[in-house]
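In: Task: produce atomic coordinates for the following.
(chains A and B)
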Number of protein chains: 2
Amino acid sequence: MLNYTPSPAKGVPLYQGLYRCIREDILSGKLKADAKLPSKRSLAQHMKVSVITVENAYAQLLAEGYIRAEERRGYFVCEVAERADAAAPMKAEPAAEASAAAPCFLDLCSNRPDESRFPFSVWSKILRSELSGPKRRLLAATPAKGAPELRRAIADYLFACRGMSVQSGQIVVGAGAEYLYNLIVQLLGRERIYAVEDPGHVKAAKIYEKNAIPLRYVQVDEKGMQVDALHESGADTAHISPSHHFPTGVVMPIGRRQEMLAWAEAGKERYIIEDDYDSEFRFAPRPLPTLQSIDVSGRVIYTNTFSKSLAPSIRIGYMVLPPQLQERFERELSFYACTVPSFEQFTLARFIAEGHFERHIGRMKKHYRAERDAVTEAILKSPLADRAEILEKDAGLHFLLRVKTDKSDETLRREALAAGVRLAFLSEYSHVPVAAEMHQIVVDYSGVERERLQEAFSRLGEIL
Amino acid sequence: MLNYTPSPAKGVPLYQGLYRCIREDILSGKLKADAKLPSKRSLAQHMKVSVITVENAYAQLLAEGYIRAEERRGYFVCEVAERADAAAPMKAEPAAEASAAAPCFLDLCSNRPDESRFPFSVWSKILRSELSGPKRRLLAATPAKGAPELRRAIADYLFACRGMSVQSGQIVVGAGAEYLYNLIVQLLGRERIYAVEDPGHVKAAKIYEKNAIPLRYVQVDEKGMQVDALHESGADTAHISPSHHFPTGVVMPIGRRQEMLAWAEAGKERYIIEDDYDSEFRFAPRPLPTLQSIDVSGRVIYTNTFSKSLAPSIRIGYMVLPPQLQERFERELSFYACTVPSFEQFTLARFIAEGHFERHIGRMKKHYRAERDAVTEAILKSPLADRAEILEKDAGLHFLLRVKTDKSDETLRREALAAGVRLAFLSEYSHVPVAAEMHQIVVDYSGVERERLQEAFSRLGEIL
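Out: The predicted structure follows:
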C-alpha cells in the first residue's frame, strides 16, 4: 500500500499534499505506468484521512492526466514522459495553477461548463472526417483573419440567431477573446483612453493595463455603463457587455444603447467594443439586438468566444469589425498568422454550419435553466431563505444573491471556504467598491453538483 | 401597401424576417422619413400572417428607433442616417487573400514546407487515440503556461537534442512565436528599447513596432549582430537568431555569443531574446550550444516554434524563461488562458515523447539536403553558373545566391516575376540597405518543384 505522510503545510489543504506525493511518485517512476492505485476508501483508511481527501487528490491527478479512471476497475497510472530532471525534486507548480483547479465541497464560482454535456461524439465525428480530408488543406495555414469557411459559418449563425447582418470579410478569428483584445489595441492604436465597466470583467481591464493603455473605470447602474460618466471620463474607447453584463447580469435597454452609440458618434474615432460573451445563454424570450446591428456609423467592434459556449479547451474567439477597421486590419495586421489551428477551424465551421452549435446552445439553455431552478429552490428551502434575495436571475449561468449579514464580504468568503464552499462577491469585481454592491454573492451555477446544494446552503446559512 | 415575403429562414421567427425587410427599406430610403406604416391589422391581413407577428416586428422597430408611434395616428418612419451600403451588393473578399496564394511557375521564396512529408498517419493516429481518452481532460483548459505533459516533452526534447537543461516550469506554450513575442513585451514591460538584426526577420520587428516599442536596427556582420553597435544603440533588449540567422544563414560563433552575454550582464535588466526558429534544419554536423544553455545569469529568453518544423497549420510555439522571469510570468501573466487547444497540446506531447518529432526532423533534414543539392546543381548547370555564387549553404531551407548584374534588385524581382519566377532579395530584409547586401537572392527551397528548376534558372539567366 502507498504510504504517504503529506506534511500539513500552512494554507495547503491535506488533499493537495497527498496529490503532490502521488504525483512525485509518478514522475519519478516509483509508480509505473498502468499501476493500479488503491481504492479511495482503502487509501483513506490506511492513511487515516477522510475519503473526500483522497477523492479530491485523485480528482486533481485525473484532471491533470497523471492517472485515469476505468469503469468498475479503479484508478491507474498514466504513461507520463520521463523528465530529464525526474530524479531532481520537482519544482512545485505555482500555487495559482494548482489552486485554480482545487476542488472543494461546492464551488459557486467555478465558471466551468459541464463537459459531460458537450456533444463530444458529434464533434469528434467531424474531427475524424476532417482528418480523412485533403492533407494539404489541413496543414496549410489559413488566412490571417481565419478560414473563410469558418467566417462564413459564423456570419450565417450571427444572422440567424443574433439578427446581425455582417459580411464574412468583417470577421476575424483568433485564439480566444483575450488574444483578440490584444489585437484590438494594436488595431485602434495606442494613443487612446479605454473605459471599462465598474464593476465588470477584471480580465479585459487587466489586458488593457498590460498594454499600458490608460483606463477609466466607469460606474454601471441598472441600465449598464453610465453615459454621462463616460463623457466625463475623457475616454475614446468603451469596452462594454450590453447584452449580458458580468457579474450583475444587467441588460442594457435600447435607450441606453442609443445613448452609447450617440456618444461614439459625437467624437472622431470613438469606438465601442461590444463584448457579447455568454449572451447565448440569456433566458429572456426576445433578446435585444446587439449594438453592432443598430450601429450605422461603424463605431462598434463586436466580440464573442466559443470557449464558454462549447468548452474551455476550444480556444476560438472572433470579432466583427466595421468596414473601415476591416480595411485597416488587412493593411496593418494581416502579417500575423491566424492563431487557431486550421484543423479546429474546419471542425468548428462544420459544427456550426450543420446546425450542431445551435442545437447545443438550445440544449444548454434548457440545462442551465434547470440548474438555476435547482439552485434557487435549494436557496429557498435553506435557512438562507429569510436572509437572501435573488437578483437578475435571467442572465444565464449566474445570478446575484444579496445576503443580509454584518460580516464583511472578505470574512464571508474566508469562512465559507473553510466550510468547503467557494464564493465570489460582486465587490471583487469593483474597482471602486460602493456600499450598494456589498454582500452580493455572484452565484455561478454552470458547474455545481445538485446533490450538494442543500448541504452547501445550510453551511452558508450557519455562517451568516 | 407594403409587400414583403420574408423568407422563413431556419431558426428565424417570422416577425424577425418581417422586421428585417422593413428595416432594410428604411435604411435604403425606400421607406422615407415620416412615411406612415400600414396598421398592424391591415398589414397582417394583407400578408396573411397573425397580428402578433406584425406587432412584434413593429415593437422591435420601435425599440430600435426606426419607427415611432403617434397616439391614435399610427406608426411613422423615423429619420435614420442613410447607410452607404444598404442596397449595395455584397462586398467581395479582399484581393490580398487571393493573391497571397497566387501560383507561378516557380516560387523561390514560398517558405512552405512540403506537406506531403508530414507524418500525417502517425499524427492522426495519436489524435484519434487522444479523442478516445477521458473527455474531461480534452475539454478542460490547460494551465496558462500550457499542458504539463507538453512542457515536459519539450524539456526532454531540448535536453536530448539541443543540450539544454531546463525545467518544464520554465516553458510557456503559446499559439505561435508571434503570439509569444507579444507576451514577452508584456512580460518585460514597455519602458524598453529593443534591438533587432539588420537585415533580419521583418515580422518580429513589425510586432514590436505594433507594440509601440522603440526599435534600433543593429547591423549584422559575418558573425551576427555587431556587439559594439548594440552597445551604442542604447537598447536593453536584443532579439537575435544566433544559430540560424534569417535570411543570411550566418551562425554566431562562440566568441560573439559570449560577447552578447557580456553585453546583457553589463546592464541591469538587459535581456536577449534568442530566436531559434528553424535551427533544427541546419546541416552543420555539430550545432553550437544555444545562448540559453551557456547563459548563467538568467538573461536569455529562448523561443522556438513547431509551425515550421511540423506544419504551418500547427500554431504552437514555446519559450523558455529564466527563473526570475518565470516567477514574474506566474505572478503577472498567468491570468491569460493558454492559447493552444488542449487537444493539440496532448497530441504534440505524445508526438514528441514517442520520438516521432525527432525522427521527422531527421527525415526532413535528409530531404532538405537533397533539395538543396538539386537546386545548387540546377544552378551550376544553368547559364547562371558564371554569374552567381552560392553563400551560406548549410543554413537549411534557404541559402543566398549572389548574382552579377547591373539591374537593381527591384527590377530583377519584377522581371523574374513576369517570367513566372518569384524571388526575394536580401535587401528586402534590410532596414538600412547597404551596397554589400545588393544582388543577393534568398533562395528558399523548402517548397520547390524539382522538375521546374532547370527551366526557371534558364529564365533567370536570360534576365541577368
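In: I'd like to know how many residues surround the closest residue to A:A141 other than its chain neighbours.
Out: Ranked by CB to CB, 6 or more residues apart in numbering or on different chains and with sequence neighbours excluded, the top spatial neighbour of A:A141 is B:P312, at 3.8 Å. All C-beta atoms are positioned from the backbone trio N, CA, C, and that covers glycine. The tally of other residues near B:P312 (other CB atoms under 10 Å in any protein chain shown) stands at 19.
In: next one: the one 3 residues further on
Out: Summarising burial for B:R315: neighbours were counted as other CB under 10 Å, giving 31.
In: for it, helix, strand, or coil?
Out: coil (DSSP: H, G, I helix; E, B strand; the rest coil).
In: Just read off the phi/psi values of the residue nearest to A:F120 when sequence neighbours are not counted.
Out: Using CB to CB, 6+ apart and skipping residues adjacent in sequence, the residue nearest A:F120 is B:K135, 5.4 Å away. Main-chain dihedrals, B:K135, degrees, to the nearest 10: phi -60, psi -40.
In: Would you confirm that B:K135 contacts A:P119?
Out: No: applying CB atoms under 8 Å, one finds B:K135 not in contact with A:P119, separated by 10.9 Å.
In: State the mean pLDDT of stretch A:245-258.
Out: For stretch A:245-258, mean pLDDT is 88.
In: Quick one: end-to-end length of that stretch, please.
Out: Using CA to CA, to the nearest Å, one end of stretch A:245-258 lies 17 Å from the other.
In: What are the buried residues along that stretch?
Out: Buried positions in stretch A:245-258, judged by neighbour count with 16 or more other CB atoms under 10 Å in any protein chain shown: A:245-252, A:254, A:256-258.
In: what comes up buried for the top helix by length along chain A?
Out: As assigned by DSSP state H, the longest helix anywhere in chain A is helix A:356-381. Of all the residues in helix A:356-381, those buried under the rule 16+ other CB under 10 Å are A:356-358, A:360-361, A:364, A:368, A:371-372, A:374-376, A:378-379.
In: Including pLDDT and distance to A:V202, could those go into a markdown table?
Out: Converted to a markdown table, those look like this (pLDDT from 0 to 100; distance: CB to CB, whole Å):
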| residue | pLDDT | distance to A:V202 |
| --- | --- | --- |
| A:H356 | 95 | 32 |
| A:F357 | 95 | 28 |
| A:E358 | 92 | 31 |
| A:H360 | 93 | 28 |
| A:I361 | 91 | 26 |
| A:M364 | 89 | 25 |
| A:Y368 | 87 | 23 |
| A:E371 | 88 | 24 |
| A:R372 | 88 | 24 |
| A:A374 | 90 | 28 |
| A:V375 | 90 | 24 |
| A:T376 | 90 | 26 |
| A:A378 | 90 | 28 |
| A:I379 | 90 | 26 |
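In: Beyond the least confident helix or strand in chain A by mean pLDDT, next helix or strand please.
Out: For chain A, counting by mean pLDDT, DSSP states H and E, helix A:95-100 ranks last in confidence among helices and strands (a mean of 38). Later in the chain than helix A:95-100, the nearest helix or strand by DSSP states H and E is strand A:106-107.
In: Outline the domain layout of chain A.
Out: Annotated domains of chain A cover A:14-77, A:106-111+A:361-463, A:119-354 [automatic domain parsing].
In: and among those domains, the most buried is which?
Out: Scoring the domains of chain A by mean neighbour count under mean count of other CB atoms under 10 Å in any protein chain shown gives domain A:119-354 as the most buried, with a mean of 20.
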